[in-house]
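Trainee: could you work out the structure for the sequence below:
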Amino acid sequence: MIPNGIVRSALLCLPAVILALSLLIVSNRCVRRLRLRRRERRAEPVRGVLLQLLCAEEDEQSELLRRLAKVDKRTWTALEPSVTALLGKVSGAARTALVRLYEERGAAVEAVADLESRSAAGRGRAAQVLGQLSHRAAERSLCRLLADRDREVRLAAVRALGRCGGPAAVPHLLDSLKGSRTVPPGAVTGALVSLGPEAQRSVAAGLDHPEPLARAVAVEVLGATGVVSRTSEIARALRADPSDEVRIRAARALGRLGMPDGLEPLLQAVRPGQPLALRVVATGALGSLGAVSATDRLAELLGDSNRHVASTAARSLLRLGPTGQTALHTAAAGARGEEVAAQARAALAEAAVAGSRHDVRVEVPL
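Mentor: As a prediction, the model looks like this:
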């Protein structure tokens, strides 16, 4: 048991501790505000020149660039956050002018060197700058940063590679999805999509990656970027990949690509015995595919024992146009039982409500 004297002493000291912590927090805020104001005052004389540069005609930019390129290091340090923020917001001639400013200041070279900084904030800021500058020469250094000990730095490197990387960055981005120092799959997907058509071959090679999440991301990217030439490889992933997540994303990708080669694998994926999540996604993908030949199979799925599969089949039939609507009307008439009829009527009613908003008439059987 703690003696009463110690408890009283602790209680008496508690207000003093709280006061000291409060003073520390207030003083830290004051210091930050003072630094911010000092930086704003230092940048103020040239901020107007920066804005003029953004609005100037090409033949007027040289003098403004020269003035900004010659400012002292402290002034540039104060101004650079504004320049970096503007890089992500402007385009065309204004962006070209800002990139030239960075080049004339030698800031891109400094940023590459800062990727080795001891400060995580410094490494992350350098990666951000290089990405916004689309500095292709930094690709290899940024790839090394994907294994950085700091999560935010790794994320900054992924985003930067999406702006300035090429096909060689794809394996590194996919590898960043495994191990103890990973990055969010969504960030890798976004970066790979941003790399454009030149990286498609390297992304397709990711379908054979040993990491299931990497294969799933590769499939997602191929579907999102409309790489129809890889339909057969995506279909193979749907049929044979050991990972359910990869198969689900492959089904979704086949629906997006809309190629006939995707029909048979999707029909196989909706069969009973397949994982439920895969059956639901594949059923929806058949509607996205727009293959009228899938009408009969989707009509059968209206009576599926799982209501998610059945409702998805109804919506897919709607997406097949008049042929699908005819199948729904037939089912709604009750020939295959009341449960199937109710599912069909619900889909037709939903379509009627949506159609009324766009002045499109859909008949709903009563």
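
Trainee: for the closest residue to residue 128 other than its chain neighbours, what are its contacts?
Mentor: In this structure, residue 128 finds its nearest non-sequential neighbour in residue 156, 5.4 Å apart by Cβ to Cβ, 6 or more residues apart in numbering. In this view, the C-beta of every residue, glycine as well, is placed from N, C-alpha and C. Residue 156 makes contact with 123-125, 127-128, 131, 145, according to Cβ atoms under 8 Å, 6 or more residues apart in numbering.

Trainee: got those as CSV, with pLDDT, neighbour count and distance to residue 250 columns?
Mentor: As requested, the contacts of residue 156 are arranged in CSV below (pLDDT from 0 to 100; neighbours: other Cβ atoms under 10 Å; distance: Cβ to Cβ, whole Å):
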residue, pLDDT, neighbour count, distance to residue 250
123, 94, 24, 36
124, 94, 24, 34
125, 90, 20, 38
127, 94, 30, 32
128, 91, 19, 34
131, 92, 26, 30
145, 96, 25, 31
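
Trainee: nearest to residue 197 among the residues you listed?
Mentor: Nearest to residue 197 among those is residue 131, at 19.7 Å by Cβ to Cβ.

Trainee: so that closest one makes contact with residue 169?
Mentor: No. Assessed by Cβ atoms under 8 Å, residue 131 is found out of contact with residue 169, at 11.6 Å.

Trainee: mutual contacts of these two, please.
Mentor: Shared contacts of residue 131 and residue 169 (Cβ under 8 Å, 6+ apart): 142, 161.

Trainee: okay, the contacts of residue 156 in CSV with secondary structure and distance to residue 106 next?
Mentor: Converted to CSV, these look like this (DSSP: H, G, I helix; E, B strand; the rest coil; distance: Cβ to Cβ, whole Å):
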residue, secondary structure, distance to residue 106
123, helix, 19
124, helix, 20
125, helix, 16
127, helix, 18
128, helix, 18
131, helix, 18
145, helix, 21
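
Trainee: picking up where we left off before, quick check: the residue nearest to residue 128 vs residue 60, distance?
Mentor: 34 Å (Cβ to Cβ, to the nearest Å).

Trainee: any regions of this protein where pLDDT drops low?
Mentor: Within the chain, the ranges that satisfy pLDDT under 70 run 1-12, 14, 19, 27, 30-32, 34-40, 42-43, 353-366.

Trainee: tell me the domain boundaries of it?
Mentor: Domain segmentation of the chain under automatic domain parsing yields 166-261, 290-366.

Trainee: just say which of the ones you listed is most tucked in.
Mentor: With neighbours taken as mean count of other Cβ atoms under 10 Å, the domains of the chain reach their highest mean count in domain 166-261, at a mean of 19.

Trainee: pull up the distance across that domain, start to finish.
Mentor: Length of domain 166-261, first residue to last, Cα to Cα, to the nearest Å: 29 Å.

Trainee: now whichever helix or strand residue 193 is part of: how far from the chain's centre is it?
Mentor: If you go by DSSP states H and E, residue 193 is part of helix 185-194. Distance of helix 185-194 from its chain centroid, counting by Cα atoms, centre = their mean, to the nearest Å, is 5 Å.

Trainee: quick one: contacts of it?
Mentor: Under Cβ under 8 Å, 6+ apart, the answer for helix 185-194 is 155, 158-159, 161-163, 165, 170, 173-174, 176-177, 199, 203, 213, 216-218, 220-221, 224-225.

Trainee: any idea how far the spatially closest residue to residue 239 that is not a sequence neighbour lies from residue 218?
Mentor: Spatial nearest neighbour of residue 239, excluding adjacent residues (Cβ to Cβ, 6+ apart): residue 265 at 5.5 Å. From residue 265 over to residue 218 the distance is 17 Å, taken as Cβ to Cβ.

Trainee: dump the helix or strand hosting residue 350 to PDB, keeping only the CA atoms.
Mentor: Using DSSP H and E, the element containing residue 350 is helix 338-357. C-alpha atoms of helix 338-357 as PDB (Å, rounded to 0.1, in the frame of the first residue of the first chain):
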ATOM      1  CA  GLU A 338     -42.000 -16.600 -56.600                       C
ATOM      2  CA  GLU A 339     -38.500 -15.900 -55.200                       C
ATOM      3  CA  VAL A 340     -37.100 -15.600 -58.700                       C
ATOM      4  CA  ALA A 341     -40.100 -13.400 -59.700                       C
ATOM      5  CA  ALA A 342     -39.600 -11.100 -56.700                       C
ATOM      6  CA  GLN A 343     -35.900 -10.700 -57.600                       C
ATOM      7  CA  ALA A 344     -36.700  -9.800 -61.200                       C
ATOM      8  CA  ARG A 345     -39.500  -7.400 -60.200                       C
ATOM      9  CA  ALA A 346     -37.100  -5.600 -57.700                       C
ATOM     10  CA  ALA A 347     -34.500  -5.100 -60.500                       C
ATOM     11  CA  LEU A 348     -37.100  -3.800 -62.900                       C
ATOM     12  CA  ALA A 349     -38.500  -1.500 -60.300                       C
ATOM     13  CA  GLU A 350     -35.100  -0.200 -59.500                       C
ATOM     14  CA  ALA A 351     -34.500   0.400 -63.300                       C
ATOM     15  CA  ALA A 352     -37.900   2.200 -63.600                       C
ATOM     16  CA  VAL A 353     -37.000   4.600 -60.800                       C
ATOM     17  CA  ALA A 354     -33.600   5.300 -62.300                       C
ATOM     18  CA  GLY A 355     -35.200   5.600 -65.800                       C
ATOM     19  CA  SER A 356     -37.800   8.100 -64.500                       C
ATOM     20  CA  ARG A 357     -35.000  10.400 -63.500                       C
END
